[in-house]
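Q: Sequence first, then the predicted structure:
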Protein chains: 2
Amino acid sequence: MNNIGIIGAGSWGTALAQSIAESGRQATLWAREPEIARAINEESENKVYLPAQFLSPNVRATTALEDLKGSDALLLVVPAQHVRDVLRTMRGIGLGEGKPIVICAKGIEIETGDLMSQVAFEEMPNAVVGILTGPTFAREVAAGLPCAVTVAAKDKDVAQQIRDAVASKNLRPYATDDLIGAQIGGAVKNVIAIACGIVMGLGLGENARCALMTRGLAEMGRLASAMGGRKETLMGMCGVGDLVLTSSSLQSRNYSLGVSIGEGRQLEDILGERKGKAVTEGVYTAEAMTTMARKHAVEMPISEAVYHCLSGKMNIEEAIQDMLERPLRSEE
Amino acid sequence: MNNIGIIGAGSWGTALAQSIAESGRQATLWAREPEIARAINEESENKVYLPAQFLSPNVRATTALEDLKGSDALLLVVPAQHVRDVLRTMRGIGLGEGKPIVICAKGIEIETGDLMSQVAFEEMPNAVVGILTGPTFAREVAAGLPCAVTVAAKDKDVAQQIRDAVASKNLRPYATDDLIGAQIGGAVKNVIAIACGIVMGLGLGENARCALMTRGLAEMGRLASAMGGRKETLMGMCGVGDLVLTSSSLQSRNYSLGVSIGEGRQLEDILGERKGKAVTEGVYTAEAMTTMARKHAVEMPISEAVYHCLSGKMNIEEAIQDMLERPLRSEE
């Protein structure tokens, strides 16, 4: 695993490339925009998505997906809603057959409700698919600060291979064969983060925020079980770890959106101001989660309350009451 | 459950009394210091431990433990190291026989390494013992802000009784019969919080802090299993919830101690400044946890590293490496 291809030169793709390159391996980074590829190759910097971070000479950028054919493993680091298209393009040029494809995008495909691994198996039935997820602010990883992630694949051996592909001096992967469970945290956490933000914006305090996070974790666990994963997987980096990072920091777009909502601002105004900038994924995920909860007959009161609150079907006081006080049919 | 006795008028005991009283029940609060009891009864305020919080007239204070004999349940809210003495005194006057005794102190008895429930069963073999634990800043609870807790007893019916005794408008208890598991979080979290503080004080970032918290949770889970509890219990308010609260907020004495250590200050200096104020429990717990880890043959690298770091057996860089990078014999 000396030659790793990274598809997507956003902040996280660039940070992963840097982390891999710093541990002495070759990182070939595909960028959609020629100016980004050029700046990486000529000035060792991704000026758009990771400005002011000097990149290792072992990071080489390209705009031609074909250039990644020599890679021992491929990391897919494009936004969740673009994963299907990119996989189709890869299949079209015969890229990725027989090699581990590690999806590093979090979330579900909104249109279908599919997890990223499901999208991958649909588009490339014979692919060796894994995922990488966990609590990772890209800038910290790029700067060489320590972090830990979950890597998952159906087959434990594949998960170990992926571990070898991404492990570096500052990035420690924990492997699991619970591919489903490992993806649930990354999908649900943005919604829980919005809920935590709302609670803080309303001034309900730290106790309430921590209670909500804990109930959110239970919500994730129930969904994981219903979809064939394991509840315990959520105790790892992919669950608790990622949830805590996303639900505590104003750096998190979803948490800060929730804070603004809690303070009484209107959703349209907040999203309007953010237009053109990074997407606040949780807003769209809340609806998709509510649909998934019904489909799998799982109780997800927090996701539902966030959805109803954002879509104006419930006022914020009712939503909070639902989140904090609604008794579940089955207490766990 | 209309008459609840609360033993200990610190900030948490007073907050619990207030929460119970606000929901229309009678709270009889035992205080060691006559001036505290007097101020509560005459001025509706605990001027020492919860100043500027107006208390309900349903909170009545006393300095005579005998006055609690009419209570339907007793909450024990004294510091962990005093629980044994208070139980002996109670036994001496026949207080608490046949009624639920709910221990609200977190932590272990340092001298013996016993959990609070073990102390209670030793001192009162026939007692109906439960515990109450979770993410609860006292001031928020006293102010009527929402919170959730874990209540535990060996017998599920007793746990339900305790739930009825403490549930109030703003305090939502979740009941479990895993009495052991429910106590582990409260015992270990202060040590993990010190570790998280050290990481932040050193400037290692949010990713590292969240990774450490997640590994800390795994550490708690391993200890719970080894002691006869259940790992999953730690996914509740008593585990994740409490850990997150303690490891994120500078309000937490243990976390802020860790931050100071990480910034390069000496333990003696920090403790010196805090003398006479509230105890930084985690400093003593770290050693006790290291002993427990050995006794139960459980790997607890974070607790051990904190202990070795605080006792000067390891420098801070080695300790961090141990916490973040030491491979476990059994990865979970």
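A: Noted; the coordinates are in hand.
Q: My guess is residue A:20 contacts residue A:27. True?
A: Yes. Contact criterion Cβ atoms under 8 Å: residue A:20 and residue A:27 qualify, at 4.6 Å. From N, CA and C alone the C-beta is placed, and that goes for glycine too.
Q: Common neighbours of those two, please.
A: Shared contacts of residue A:20 and residue A:27, defined by Cβ atoms under 8 Å, 6 or more residues apart in numbering or on different chains, comprise A:4, A:6, A:58.
Q: Could you list the contact residues of the stretch 51-200 of chain A toward chain B?
A: A:134-137, A:140-141, A:143, A:145-148, A:172, A:174-175 (Cβ under 8 Å from any Cβ of the partner chain).
Q: And for residue A:178, nearest residue in space, chain neighbours not counted?
A: Computed as Cβ to Cβ, 6 or more residues apart in numbering or on different chains, the closest residue to residue A:178 that is not its neighbour in sequence is residue A:233, at 4.3 Å.
Q: repeat for residue A:142
A: residue A:15 (3.9 Å).
Q: mind listing what that neighbour touches?
A: A:50, A:53, A:136, A:138-139, A:141-142.
Q: same thing but at 6 Å, please
A: When contacts are counted by Cβ atoms under 6 Å, 6 or more residues apart in numbering or on different chains, residue A:15 touches A:138, A:141-142.
Q: Name the nearest of those relative to chain B.
A: residue A:141 (6.7 Å; Cβ to the nearest Cβ).
Q: Skip ahead from the helix or strand where that closest one lies and say which helix or strand is next.
A: Per DSSP states H and E, residue A:141 falls inside helix A:138-142. Note on helix A:138-142: by DSSP H and E, the next helix or strand toward the C-terminus is strand A:147-153.
Q: Show me the contact partners of that next one.
A: Contacts for strand A:147-153 (Cβ under 6 Å, 6+ apart): A:130-134, A:136, A:141, A:159, A:162-163, A:171-176, A:179, A:182, A:236-238, B:207, B:211.
Q: now with 7 Å?
A: Contacts to strand A:147-153, defined as Cβ atoms under 7 Å, 6 or more residues apart in numbering or on different chains, come from residues A:129-136, A:140-141, A:159, A:162-163, A:166, A:170-179, A:182, A:236-238, B:207-208, B:211.
Q: Next: stretch A:159-169.
A: A:1, A:4, A:19-20, A:22-23, A:72-73, A:100, A:102, A:130, A:132, A:151-153, A:173, A:175-177.
Q: Quick check: mean pLDDT of that stretch?
A: Stretch A:159-169 comes out with an average pLDDT of 92.
Q: cool, and stretch A:316-332?
A: 69.
Q: can I assume residue A:190 sits in a helix?
A: Yes. Counting by DSSP: H, G, I helix; E, B strand; the rest coil, residue A:190 is part of a helix.
Q: in terms of contact, does it touch residue A:285 like I think?
A: Yes. Counting by Cβ atoms under 7 Å, residue A:190 does reach residue A:285; the two are 5.4 Å apart.
Q: So for these two, which residue has more residues nearby?
A: In this view residue A:190 and residue A:285 are compared by other Cβ atoms under 10 Å in any protein chain shown, and residue A:190 has more residues nearby, 29 against 26.
Q: list the contacts for the nearest residue to the more buried one once chain neighbours are set aside?
A: Closest residue to residue A:190 apart from its sequence neighbours, by Cβ to Cβ, 6+ apart: residue A:282 at 3.2 Å. By Cβ under 7 Å, 6+ apart, residue A:282 lies in contact with A:190-191, A:193-194, A:254.
Q: Recalculate using a threshold of 6 Å.
A: A:190-191, A:194, A:254.
Q: Show me which residues of the stretch 201-332 of chain A sit near chain B.
A: For the stretch 201-332 of chain A, the residues in contact with chain B (Cβ under 6 Å from any Cβ of the partner chain) are A:204-208, A:210-211, A:213-214, A:217, A:235, A:237, A:240-241, A:244-245, A:248, A:324.
Q: Okay, and which of those map to helices?
A: A:206-208, A:210-211, A:213-214, A:217, A:244-245, A:248, A:324 (DSSP state H).
Q: what number of residues lie near the closest residue to residue A:88 other than its chain neighbours?
A: Spatial nearest neighbour of residue A:88, excluding adjacent residues (Cβ to Cβ, 6+ apart): residue A:123 at 5.8 Å. Neighbourhood size, residue A:123 [other Cβ under 10 Å]: 18.
Q: What of the one 5 residues further on?
A: Burial of residue A:128 is recorded as 21 neighbouring residues (other Cβ under 10 Å).
Q: can you give me phi and psi for it?
A: phi -100, psi 90 (degrees, to the nearest 10).
Q: quick one: the strands in chain A?
A: A:3-7, A:26-30, A:59-62, A:73-76, A:100-103, A:108-109, A:114-115, A:128-133, A:147-153, A:171-176 (DSSP state E).
Q: got any ranges where chain A has weak pLDDT?
A: A:276-280, A:326-332 (pLDDT under 70).
Q: Show me the helices in the stretch 201-332 of chain A, by range?
A: A:206-226, A:242-248, A:253-262, A:267-274, A:281-295, A:301-310, A:316-325 (DSSP state H, counting those that start in this stretch).
Q: Can I get those helices in CSV including distance to residue B:111?
A: Shown next, in CSV, are the helices of the stretch 201-332 of chain A (distance: least, Cβ to Cβ, whole Å):
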stretch, distance to residue B:111
helix A:206-226, 31
helix A:242-248, 33
helix A:253-262, 42
helix A:267-274, 54
helix A:281-295, 48
helix A:301-310, 42
helix A:316-325, 39
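Q: ok, back up a step: now for the helix holding residue A:141, which elements pack on it?
A: helix A:11-22 (3 or more Cβ pairs under 6 Å, 6 or more residues apart in numbering or on different chains; DSSP states H and E).
Q: Distance check, the most centrally placed residue in chain A against residue A:193.
A: For chain A, the residue nearest the mean C-alpha position is residue A:106 (2.4 Å; Cα atoms, centre = their mean). From residue A:106 across to residue A:193, the span is 12 Å (Cβ to Cβ, to the nearest Å).
Q: Same check on residue A:298?
A: From residue A:298 over to residue A:193 (counting by Cβ to Cβ), the distance is 19 Å.
Q: Of those two, which one has the most company?
A: residue A:193 (32 against 18).
Q: my read: that one touches residue A:254, true?
A: Yes. With contact defined as Cβ atoms under 6 Å, residue A:193 reaches residue A:254; the gap is 4.0 Å.
Q: quick one on the thing from earlier: by neighbours, which of the shared contacts of residue A:20 and residue A:27 wins?
A: The shared contacts of residue A:20 and residue A:27, ranked by neighbours (other Cβ under 10 Å): first place residue A:6, 30 neighbours.
Q: got the contact list for it?
A: Contacts of residue A:6 by Cβ under 6 Å, 6+ apart are A:13, A:16-17, A:27, A:29, A:75, A:77.
Q: Which pair of these spans the longest distance?
A: Across the contacts of residue A:6, the longest distance by Cβ to Cβ is 11.4 Å; it joins A:27 and A:77.
Q: out of the contacts of residue A:15, which are buried?
A: A:138, A:141-142 (16 or more other Cβ atoms under 10 Å in any protein chain shown).
Q: Make a markdown table out of these and add distance to residue A:221.
A: Formatted as a markdown table, the buried ones among the contacts of residue A:15 follow (distance: Cβ to Cβ, whole Å):
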| residue | distance to residue A:221 |
| --- | --- |
| A:138 | 27 |
| A:141 | 27 |
| A:142 | 32 |
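Q: Out of the residues you listed, flag the one nearest to residue A:274.
A: residue A:138 (18.3 Å).
Q: thought that closest one was touching residue A:14?
A: No. The pair residue A:138 / residue A:14 is not scored as a contact, 7.3 Å apart, by Cβ under 6 Å.
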